[in-house]
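A.B. asks: Everything below, folded, please.
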Amino acid sequence: MKKRILIVLCGALVTYALQAAPTGAEALRDWKNLAALAGQVGETAKIFTITVVYEKPEERLAELESFEKKELAKITPVLDMFRKKYGSTAVEIDNTLRPLTMGMDTPDQSAGYLYEDLDKAVKGAAALRKNMGGKLLKDAEQQMDSAKDMEESIRVGEFDQAKKVLELAARYDPANAAVKDKLANMGVLQKGMAAEIEKARDARTWPASGKDFAGPGSPSTLVAASRKFLTTDKHWSKGKLVAVCINGNWWSVEKNIFGVTTMWGLPVLAAFEIPNDKENVRVFGLSMLNMEGKQKPPFTAASVGDNYIMRRAKVKDGGGSFIGGLIGFLWRVLLAGLNILAGLLAAAPLLTVMVPQLKAVYGRLTPFRNLVGVAALMMGLVAFLLCLVTFHPLSSVLPQVSAIAAGLFLGKGLLLKKPALAPAGAASGAAQKAQAAVDKMQELYAKHQDKVALLEEFQVPIGLACLALGVLHLLIGGVVLF
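C.D. replies: Predicted coordinates:
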């Protein structure tokens with residue numbers, strides 16, 4: 001009984017072995033079919049042995065999708081069959097096929113290597129999807145991180161581009177949970193970025209033009225010259241200029257081999273209208289350039305530094321308009337002119353001796369001595385106070401002080417005169433208040449007449465100083481001290 005069972009089992013094993021083992025003809029046919037398939041898809045399949053791409057990922061994805069749709073269905077059954085019949089490595093397949101096809105007309109290419117190339121392509125296609133999903137996710141995150149330090153309009157574009165990269169990553173690897181989460185949160189991230197941009201625009205301010213400007217040159221004159229260039233230059237005049245302000249001191253842009261500056265730059269901020277946006281302006285940080293090695297206009301070029309957007313309502317014209325520039329110029333001429341007139345009157349004792357022909361001129365000027373003195377005094381005081389409140393305490397301080405000094409003794413007669421501003425019997429009113437203010441000022445002046453008398457002893461030197469400072473202020477007004 002046992003012998004009979006053993007015989008049956010052995011027969012079954014032999015039968016199974018004969019059925020499982022391919023014949024030589026079958027093996028040759030399988031080999032030739034594999035070679036033909038490799039000939040059809042081999043060149044296409046080879047590109048997927050590279051599982052990460054750095055250029056044109058969209059094109060590679062299109063090739064991958066085409067490969068999976070058209071070729072993968074042909075390759076997979078053949079590879080599965082070879083694994084079952086001949087082995088799963090090139091060595092196993094070749095060791096199985098060679099004895100079966102000995103002496104037959106076999107293909108030139110090794111079946112094992114053909115199998116291995118196609119198997120690498122199939123596995124590479126799957127790896128390409130996973131690897132590119134991860135790589136593109138990382139690229140998008142880096143793009144968004146670096147965008148935080150970029151100019152606002154570029155930042156918006158970078159986020160939009162990062163979203164497209166994430167969408168491509170999701171197409172490569174739809175199962176990538178990190179990609180899906182990041183893509184789902186892009187709307188929140190973009191809204192957060194937009195809120196940050198708006199907050200920054202709200203916080204930006206427009207500085208006072210020429211604050212702490214050391215010169216040379218008058219801030220209002222330099223702003224007017226900057227405005228003239230920006231509104232006439234063929235490039236800058238395409239935009240509508242809103243305002244200009246000085247934003248720093250002259251700096252050396254270029255020097256020659258001897259260290260001498262051949263090009264000076266004046267830092268300014270220039271605000272331009274944004275088309276179809278009445279709420280904001282675009283501000284450019286510029287250096288207005290003088291190509292002749294001089295710290296003065298005319299400007300012939302402008303180099304661009306930073307640029308940003310801020311609220312238009314916060315932008316105040318820094319005196320760069322025609323009106324602003326004209327007022328600044330007239331103010332400088334008035335202070336300079338009063339210094340020169342006061343200087344001529346104060347230095348009369350010396351000048352009439354040195355130049356006798358001036359006696360006729362002085363004969364016409366002397367009746368206005370008190371009036372010129374009071375005007376010079378008031379101009380000097382007002383100019384000094386304006387510089388203080390605008391945080392330019394040293395700007396033109398010498399011509400201001402000289403005007404005050406000369407005005408104190410030249411206008412003495414008019415300053416001590418008692419005007420009847422409030423009629424008798426008036427109990428209240430603006431006139432009475434004005435009278436009280438004048439009385440108080442005259443009391444203060446009378447109290448310090450001894451000091452004014454001391455100034456009169458130096459009348460001629462003060463007069464000469466007024467003359468010199470008046471001329472200097474007219475020529476280089478705005479420079480520190482002058």
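
A.B. asks: going forward, measure contacts between C-alpha atoms and count neighbours the same way
C.D. replies: Noted.

A.B. asks: buried set for stretch 141-148?
C.D. replies: Neighbour-count burial for stretch 141-148, counted by 16 or more other Cα atoms under 10 Å, picks out E141, Q143, M144, A147, K148.

A.B. asks: For the third one, give me the backbone phi and psi.
C.D. replies: Translated: M144. phi -70, psi -40 (degrees, to the nearest 10).

A.B. asks: surely L371 meets G411?
C.D. replies: Yes: contact criterion Cα atoms under 8 Å: L371 and G411 qualify, at 6.3 Å.

A.B. asks: More neighbours: the two, which one.
C.D. replies: A count of neighbours by other Cα atoms under 10 Å puts G411 above the other of L371 and G411, at 21 against 18.

A.B. asks: hmm, back to that, and the furthest pair within the buried residues of stretch 141-148?
C.D. replies: Using Cα to Cα, the buried residues of stretch 141-148 reach their maximum pairwise distance at E141 and K148, which is 11.3 Å.

A.B. asks: Give the residues shared as contacts by the two.
C.D. replies: Overlap of the contact sets of E141 and K148 (by Cα atoms under 8 Å, 6 or more residues apart in numbering) is empty.

A.B. asks: Just the buried residues of stretch 141-148: which are in helices?
C.D. replies: Judged by DSSP state H, these include E141, Q143, M144, A147 as members of helices.

A.B. asks: what's the closest of the residues you listed to P349?
C.D. replies: Looking across those and measuring by Cα to Cα, the closest to P349 is A147, at 73.0 Å.

A.B. asks: Identify the residue spatially nearest to the closest one, adjacent ones excluded.
C.D. replies: R155 (5.0 Å; Cα to Cα, 6 or more residues apart in numbering).

A.B. asks: check which helix or strand covers D30.
C.D. replies: Here D30, judged by DSSP states H and E, is contained in helix 24-46.

A.B. asks: Tell me which other helices or strands that helix touches.
C.D. replies: Counting contacts by 3 or more Cα pairs under 8 Å, 6 or more residues apart in numbering; DSSP states H and E, helix 24-46 is packed against helix 90-100, helix 111-147.

A.B. asks: Let me know which of those helices is tucked in deepest.
C.D. replies: Mean neighbour count (mean count of other Cα atoms under 10 Å) peaks for helix 111-147 among those, with a mean of 19.

A.B. asks: just checking, what packs against that one?
C.D. replies: Using 3+ Cα pairs under 8 Å, 6+ apart, helix 111-147 sits against helix 24-46, helix 72-85, helix 90-100, helix 152-172, helix 177-184.

A.B. asks: re earlier: which one of the ones in helices among the buried residues of stretch 141-148 is nearest to S226?
C.D. replies: A147 (32.2 Å).

A.B. asks: Just give the number of residues close to G157.
C.D. replies: With other Cα under 10 Å as criterion, G157 counts 12.

A.B. asks: now the helices and strands packed on helix 24-46 in CSV, with mean pLDDT and distance to D212?
C.D. replies: Converted to CSV, those look like this (pLDDT from 0 to 100; distance: least, Cα to Cα, whole Å):
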stretch, mean pLDDT, distance to D212
helix 90-100, 90, 81
helix 111-147, 88, 34
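
A.B. asks: Nearest to K69, out of those?
C.D. replies: That would be helix 111-147 among these, by Cα to Cα, at 12.0 Å.

A.B. asks: what does stretch 155-171 rub up against?
C.D. replies: Here stretch 155-171 makes contact (Cα under 8 Å, 6+ apart) with 58, 132-137, 139-141, 143-144, 147-148, 176, 179-180, 182-183, 186, 190, 194.
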